[in-house]
Every structure is written in C-alpha cells, then in structure tokens.
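In: Any chance you could fold what I've pasted below:
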Amino acid sequence: MRRRQLLQALPMVLAACARSPEPAPPPAADAAPRRPANPPAALDADAPATALAARLARGELSARALTQFYLERIGRLDRQGPVLHAVLEIHPEALAQADALDRERAAGRTPGKLHGLPVLIKDNIETRDRMMTTAGSRALEGWYAPDDAPLVARLRAAGAVILGKSNLSEWANIRSTHSSSGWSARGGQCRNARDPLRSPSGSSSGSAVGVAAGLCALAVGTETDGSIVSPASVNGIVGLKPTLGLVSRRGIVPIAHSQDTAGPMARSVGDAALLLDVLCARDPQDPGAAPDNRFGLDYAGAAAGADLRGARLGVLRSYFKDNAGLDALLDASLQTLRTAGAEIVDALPFTPDPKLDAAELEVLLYELKADLDAWMMRLPPGFRVRSLADVIRFDREHADVELAPFGQELFERAQAKGSLQDAAYRQARAYCVRVARGTLDTLRRQHRVDALLSLTGGPAWLIDTVNGDAFTGSCSTYPAVAGYPHLTVPAAMYRGLPVGLSFIGGAFDEARLLRLGAAFETARGPLPALRAPA
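Out: Presented below is the predicted three-dimensional model:
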C-alpha cells in the first residue's frame, strides 16, 4: 500500500476501531510524557539493536532517552495514528529501570549484553512486576506472576529494560478455527505495521508489529506452529523459532509441551542472534531442556561471521509453486544466494503430508488440556479460573466481550479429550515425529544440504473478524512439529507487502542458520523502511 493510500485509509481504520466491540486499548497515562525532553539526535526507529547498543556503550545515548523515544512512539503510533494495538501494557517503571541502568553504566559496572535496550515481552510470558500475565484473556485479568519466567530473569540480568507486554492472538491462537490473528479481549485487534488494514498474523502479533513499527529495540515471541515466523514474515522483520528446549519453557502460558518455545524477534539477524545469546540457557526445572553441551555457543559471533561461499541449500518449492508471483520472488532470492556463493539444490522431492495437520491438531488439543490445567493450578485458590473448563465457562458468561468476534470450539474440543495416556494421543504424536523429523532429516541427509529454504508464507491478508483469517500459506509446520529451528529473514516486497525467506535446519542448527541468514541479509541489501508511517 502506498503512503497516499495508507493516509486515505486511516480514517476508515479509526472509524472501524470506533465501531468495533473490542475494548479500547490501555490508556497512554501509564507511559512517560509522549514528547521526551531533549530527544537524542538522529535516533532512528529502524536502527538495529546492535547499533543502539554501540551508541549506549560510547555514551552517545542514554537508556532513559532511548526508553522515552519508544514510549513516545507507542503513544503516537500504537495509541493514536494507525492505532496498531501492538502494546497491551506499558511497564509503569520503564523509565525507572532505564535510570538505574544509566547509573550502573556511569558507575563503571560491567554492562550486560542488552544493557539499556528496551524489550517487549509477549503477554503469555510471566513477569514479576506490576504488569499482569493474561495471554490476552479477561479471564486472567488481575493475576500478577509471583516470579519471572527464567527467560525474563535472564533479560533483566543482561540489562534489558522491560518496556511492556505485547498484544497477541488470545491464548496464542488455540481457541478457534475462525480466529482473527492478533485479536485479544484485553488488547483488541492488533494491526499490521505495514498496512493497518491487514493482519499482523499471530500469535506473536504485537511483538512483530512492535519491532517493525519501531516501538522497541527487541521483542520476545513464542511459537507452537508459526507464531514467531509468520508474524515476522508479514511484518518484515527477523524471527527465530529455536530448537525445542534451547530456551526455557517455564513461566510461559502453555499450549503444548511438545512444540512450545520462546524466541527472538528483531530488525536484523544480528539482533536476533544477540537476543538468542541471552535467552538461551539450560533450565534444570524444564523437563524438556536440551542437553548441557548445547549451551554456551556464541550466536552473535556466528551471525557476524556471515558467509555463503560453499553453503549448499535445498529448496522446498511445494508450498508456493502454484503462485507465479511468489514463485518468481523465491527465484530472485535464490539468485541472490547463488551470486553470494551458495550452491542451490532446487526443487527437492517434497510434498507436505496431507495427514500431518490433523495429527498435529490432535496432539495440540490433548496437550492443551493437560498442560494448561497443570499451569492454571498455580493460580491462587479462589481465583476465577483454575482450569480449561473454567475458562470455557468464563468465556460463555462474558460472551459479549470474549466471544464477540469468534468462538472457542478448539477449547471445547480439547476439553473433551482424555489423558496423555490415551492411545489416540500417543499414536498421533508418534506419527507427527515420524513424518516431520523423518522427512526433514532425510531431505538434508540425502541431498547433503546445510539448510532447507522456502518462502515463509504469503503476504498479509485483510483483517476479517467475520470469516476469520484468510491464511496465505506457510512452511512452519514441519520444523514446528519436529522441534527444529526455523529462521525467517525479510526477502523482498511483494506488491508493497513484506515476505520472508525461511532457513530450516536440524536440531541445534541455530548458529548455522544465523550465519546463513545474516549472509543473505547482507547480499540482499536494504529493503524499503518497514516501520509504520511516522
């Protein structure tokens, strides 16, 4: 969408927001003044976090000034202007955190890797502070986590400013088959950073939009299947779904233990690598944690050593071969990779298994009931909901808000499932592992490729709360089900909308994927500014 068209569309967007039954976004009163005094010179909302970190280290920029800069943009773009609804809640002590970090630096204390960088946290990740953790649902309003999720504790230890909680598809998009990605009862409808009439995808909608619109330096998302890479692709940013167990799952409102993970969302591959260095740590209390020898790698160093010479990359054409425009876009990306020295093994013999989606959903529904019930038993006795059945009842009692745009049929189907000892669950999970891991491992081994490539998905679709998402395709399911890493990097603009290129590897191939992705990013050159209009 061209800038003139966007400006013409904004009155319609604002009118639609006024008519919508969704709640108003949180007031900007919890933020700092919208116009920071003495704003830092030449502060660019598109600047990568690594460049901002360098300016902070040189004393050219303070954590307070940077935090104020983002708070002002949140007030102007998220609460007013395009009304992106990306930020669900601003940390009431964001500026106090920044001031404390500036004092630490002035005192000569060794700064952490993220010292002074403001980070948005998806609202299904627990933070021990004055912000709630609700997964976007009114059912969890009023609950404040007693402890930080381990990944949040690591962010604080690394010197990050916890800027706020990002909006998301409510309950991480497991509630309905006709959902509108990016909608939550608490935060309303999040909107694409490039075109507010289009979907931000989900479920890490606000995290992706926050990065793309320049509302934060970095963001953390979570993925069960596509929830990091899809919103990253359609908003034109970098997203990495790590190998299962590389980042602790404790303190994350669960869907399914066999696929849930948190991961970095950023403006560059180097930024994503920097954030992964902080998020990645073994958690002895996470039963799915990776082995000890998988930790301690230098992901930022791997991204800095980007080089495509000698890389052998296999192409999965099946996902978008029937779309001539997207197929041509993929061809252009492959040519960029070839020119930079990569060997392309095109059109690998791969057709997605038509039975995998149904088997995966069976697994997710069984694990949702078991995992969410176990997580909710941690809520205080007497709290309004302490089980999936309680949430279903709450939603029915508050249908005018919770069920206004779409239903909860997936919740109801999950509630009808038995235990994880059921033969149906065990058989579905075994099928998923056999197909997803077996297929990816065989393709990489037989064709001797370092990574598999595909477009991440199609461009963003128009928001439609009547019919739900008009999904435009994705390559996320196989690596999600397998538990393997998946990196998406902006590839090009397709009719004015971003589309990402996916790099898919085997277990614990993050360093290799980041190196390849960073080299592609360099070879591709700059794309048009991806933030929302200022």
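In: Helices of the stretch 401-534 of the chain, residue ranges please.
Out: 409-415, 423-446, 477-482, 510-524 (DSSP state H, counting those that start in this stretch).
In: what's the closest of those to residue 97?
Out: helix 510-524 (28.2 Å; Cβ to Cβ). Heads up, the C-betas are built off the backbone N, CA and C, glycines and all.
In: in the closest one, what's buried?
Out: By neighbour count on 16 or more other Cβ atoms under 10 Å, the buried set for helix 510-524 is 510-521, 523-524.
In: elements contacting it?
Out: Counting contacts by 3 or more Cβ pairs under 8 Å, 6 or more residues apart in numbering; DSSP states H and E, helix 510-524 packs against strand 238-241, helix 269-279, helix 299-304, helix 324-339, strand 451-455, strand 486-494, strand 497-504.
In: so it versus helix 324-339, what angle?
Out: Using axes from the mean of the first three to the mean of the last three Cα atoms, to 10 degrees, the direction of helix 510-524 lies 100 degrees away from that of helix 324-339.
In: Alpha carbons of helix 510-524, in CSV - could you do that?
Out: Output of helix 510-524 as CSV, limited to C-alpha atoms (Å, rounded to 0.1, in the frame of the first residue of the first chain):
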residue,chain,number,x,y,z
GLU,A,510,20.8,-22.1,15.2
ALA,A,511,24.4,-20.9,14.7
ARG,A,512,24.5,-22.2,11.1
LEU,A,513,21.1,-20.7,10.3
LEU,A,514,22.0,-17.4,11.7
ARG,A,515,25.2,-17.3,9.7
LEU,A,516,23.4,-18.1,6.5
GLY,A,517,20.6,-15.7,7.2
ALA,A,518,23.0,-12.9,8.0
ALA,A,519,24.9,-13.5,4.8
PHE,A,520,21.6,-13.5,2.8
GLU,A,521,20.6,-10.2,4.6
THR,A,522,23.8,-8.6,3.5
ALA,A,523,23.7,-9.9,-0.1
ARG,A,524,20.0,-8.8,-0.4
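In: mean confidence score for that helix?
Out: In this model, helix 510-524 has a mean pLDDT of 98.
In: before we move on, back to that, now, among the buried residues of helix 510-524, which is nearest to residue 161?
Out: Using Cβ to Cβ, these come closest to residue 161 at residue 514, 24.2 Å.
In: if I pick that closest one, what's in contact with it?
Out: If a contact means Cβ atoms under 8 Å, 6 or more residues apart in numbering, then residue 514 has 240, 269, 272-273, 276, 299, 302-303, 487 as its contacts.
In: quick check, residue 220 in a helix?
Out: No - counting by DSSP: H, G, I helix; E, B strand; the rest coil, residue 220 is located in no helix; its state is strand.
In: And the nearest residue to it once chain neighbours are set aside, which helix or strand is it part of?
Out: Leaving aside its sequence neighbours, residue 220 sits nearest to residue 121 (Cβ to Cβ, 6 or more residues apart in numbering; 5.3 Å). Remark: residue 121 resides in strand 118-122, with elements defined by DSSP states H and E.
In: Give me the contact list for that strand.
Out: Taking Cβ under 8 Å, 6+ apart as the rule, strand 118-122 contacts 66-67, 70, 86-87, 94, 98, 127, 152, 155, 160-166, 168, 204, 206-207, 210-211, 215-222, 262, 275.
In: and if you look at stretch 398-415?
Out: 21-23, 137-139, 171, 174-180, 183, 185, 365-366, 368-369, 388-389, 391-392, 394-396, 465, 468.
In: Next step: those residues restricted to strands.
Out: Mapping those onto strands (DSSP state E) picks out residue 183.
In: Now, of the contacts of stretch 398-415, which are buried?
Out: For these, buried by 16+ other Cβ under 10 Å: 22, 137-139, 171, 174-176, 178-180, 183, 185, 365-366, 368-369, 388, 391-392, 394-395, 465.
In: pLDDT below threshold where in the stretch 401-534 of the chain?
Out: 529-534 (pLDDT under 70).
In: how about 90 then?
Out: The stretch 401-534 of the chain contains residues with pLDDT under 90 at 527-534.
In: about what we covered before: point out the most buried one among the helices of the stretch 401-534 of the chain.
Out: Neighbour counts (mean count of other Cβ atoms under 10 Å) averaged over each of the helices of the stretch 401-534 of the chain peak at helix 477-482, with a mean of 25.
In: Which residue, other than its chain neighbours, is closest to residue 332?
Out: residue 492 (6.4 Å).
In: Likewise for residue 276?
Out: residue 299 (4.7 Å).
In: same deal with residue 137?
Out: Leaving aside its chain neighbours, residue 137 sits nearest to residue 170 (5.6 Å; criterion: Cβ to Cβ, 6+ apart).
In: contacting residues around the residue nearest to residue 192 when sequence neighbours are not counted?
Out: Of all residues not flanking residue 192 in the chain, residue 198 sits nearest, at 4.2 Å (Cβ to Cβ, 6+ apart). When contacts are counted by Cβ under 8 Å, 6+ apart, residue 198 touches 191-192, 234, 460-463, 497.
In: Could you do residue 314 as well?
Out: Residues near residue 314 by Cβ under 8 Å, 6+ apart: 345, 348, 443-444, 447, 449, 451-453.
In: So for the host helix or strand of it, what gets flagged as buried?
Out: Assigning secondary structure by DSSP H and E places residue 314 in strand 312-315. For strand 312-315, burial by neighbour count (16+ other Cβ under 10 Å) applies to 313-315.
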